[in-house]
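Chemist: Show me how the following folds:
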Amino acid sequence: MAKVFLITGGAGFIGSAVARELLVNTDHHVVNVDKLTYAGNLESLVDVADSPRYTFIQADICDAPAMQRVFAEHRPDVVMHLAAESHVDRSIDGPAEFIQTNVVGTSVLLEAARGYWKALQESDPEKAAGFRFHHISTDEVYGDLEGTDDLFTETTSYAPSSPYSASKAGSDHLVRAWHRTFGLPTLITNCSNNYGPYHFPEKLIPLMILNALAGKPLPVYGDGQQIRDWLYVEDHARALIKVATGGQVGETYNIGGHNEKTNLEVVETICALVDELRPDVHGDQPPASSLITFVADRPGHDLRYAIDAGKIERDLGWVPEETFETGLRKTVEWYLNNRDWWQRVMDGSYQGERLGVGV
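Modeler: Take a look at the predicted model:
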């Protein structure tokens, strides 16, 4: 049976991937609520924006009356809460906005969902029984892994290092509290680093691709030996839908790509792909790897993240379809073939037109 998915942050990188997956490969309906900050880009949804099963609403999750209206008017079956400030460097420069969006915004949304769900229990018990609030979080809440063989599991203690990860940890705790105290049917997922098409260019992989194409320096923090597990965004979208529709209420699921790489390995792989794939390469042009520049490390930089994704595989049968090599090749090819999208992001013109219903 087709469901109504309310996606917060649906114009962002991961949210837009979830919306595209739902609208292209399922019969479900999507209500996309996004404030359209710098990271929200409706041009990431042009291929599905005309679907009769898609609605966009420009609104702030911190606006309680607006959120209450969204629930009342669109009557979602599933909330997929992705709206968040997510860039670590920005959180170091300005923590307050991260606390406001990630902590306060989540509390506002939880209360709107709780009021809606309680009303459903009276008016439509069957719909209430199937309602789910799925909160999407990050592996950064677990902090740093010192050992080379350790993995984050769903029971790993929280030890966030940055204002960003601390704000996400706070939002996770709120979701668990609303489940335990009020019985709200919640789910939480913690994912590893995402990459893929439509990724905002301030993040590591798209930044390195675009700098390499432009012949600009490729800044690598410290010695580049920080290790991350990389997850192709379309694999993540499929995992999120599996959890939202089949996960057990009250449970947490870690989602990882089984692709541990140092930051330097990532950048070197991007350089090799750019050298191979870019259309304007000439024989006398130096390799992209010559652009790698080591810069001072950022404060509180975690050394290693790595996820044990065994639970989601055992319980829901999800495994990533892409290896790091296949996913990164697809990503570089996408940026080469979609120059208009990222050029409009780089020059800011993507923010010039806002389409949708304001509340």
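Chemist: gap between Phe200 and Gln226?
Modeler: 20 Å (C-beta to C-beta, to the nearest Å). All C-beta atoms are positioned from the backbone trio N, CA, C, and that covers glycine.
Chemist: Just the buried residues of the host helix or strand of Leu109, please?
Modeler: Per DSSP states H and E: Leu109 is located in helix 105-123. Under the neighbour-count criterion of 16 or more other C-beta atoms under 10 Å, helix 105-123 has 105-114, 116-117, 120 buried.
Chemist: repeat for stretch 133-142
Modeler: Phe133, His134, His135, Ile136, Ser137, Thr138, Asp139, Glu140, Val141, Tyr142.
Chemist: Let me know the closest of the residues you listed to Tyr350.
Modeler: Ile136 (23.2 Å; C-beta to C-beta).
Chemist: What is the neighbour count of the closest residue to the closest one other than its chain neighbours?
Modeler: Closest residue to Ile136 in three dimensions, ignoring its sequence neighbours and counting by C-beta to C-beta, 6 or more residues apart in numbering: Leu82, at 4.9 Å. Using other C-beta atoms under 10 Å, Leu82 is surrounded by 26 other residues.
Chemist: who's in contact with Leu82?
Modeler: Listed by C-beta atoms under 8 Å, 6 or more residues apart in numbering, the contact partners of Leu82 are Ile7, Thr8, Gly9, Gly10, Gly12, Ile14, Gly15, Val18, Ile136.
Chemist: taking those one by one, which sit in helices?
Modeler: If you go by DSSP state H, the contacts of Leu82 have Ile14, Gly15, Val18 in helices.
Chemist: Go through the residues you listed and say which is closest to Tyr232.
Modeler: Among the ones in helices among the contacts of Leu82, and counting by C-beta to C-beta, the member closest to Tyr232 is Ile14, at 11.2 Å.
Chemist: quick one: that closest one from Thr189, how far?
Modeler: Ile14 is 11 Å from Thr189, by C-beta to C-beta.
Chemist: mind checking how far Glu268 is from Asp347?
Modeler: Counting by C-beta to C-beta - Glu268 and Asp347 are separated by 29 Å.
Chemist: Quick check on those two: which one has the bigger neighbour count.
Modeler: Each of Glu268 and Asp347 has its neighbours counted (other C-beta under 10 Å); Glu268 has more, 19 against 10.
Chemist: show me what contacts the more buried one?
Modeler: Ser289, Ile292.
Chemist: and it, what element?
Modeler: Counting by DSSP H and E, Glu268 is found in helix 263-277.
Chemist: Tell me where the stretch 1-150 of the chain has helices.
Modeler: 13-25, 64-74, 88-93, 95-98, 105-123, 125-130 (DSSP state H, counting those that start in this stretch).
Chemist: May I see the buried residues of the fourth one?
Modeler: Right, the one you point to is helix 95-98. Buried, per 16+ other C-beta under 10 Å, within helix 95-98: Pro95, Phe98.
Chemist: Could I get the CA-only coordinates of that helix as PDB?
Modeler: Coordinates of each C-alpha in helix 95-98 appear next as PDB, following Å, rounded to 0.1, in the frame of the first residue of the first chain:
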ATOM      1  CA  PRO A  95      28.000  26.300  16.900                       C
ATOM      2  CA  ALA A  96      24.700  28.100  17.800                       C
ATOM      3  CA  GLU A  97      23.000  27.500  14.400                       C
ATOM      4  CA  PHE A  98      23.700  23.800  14.800                       C
END
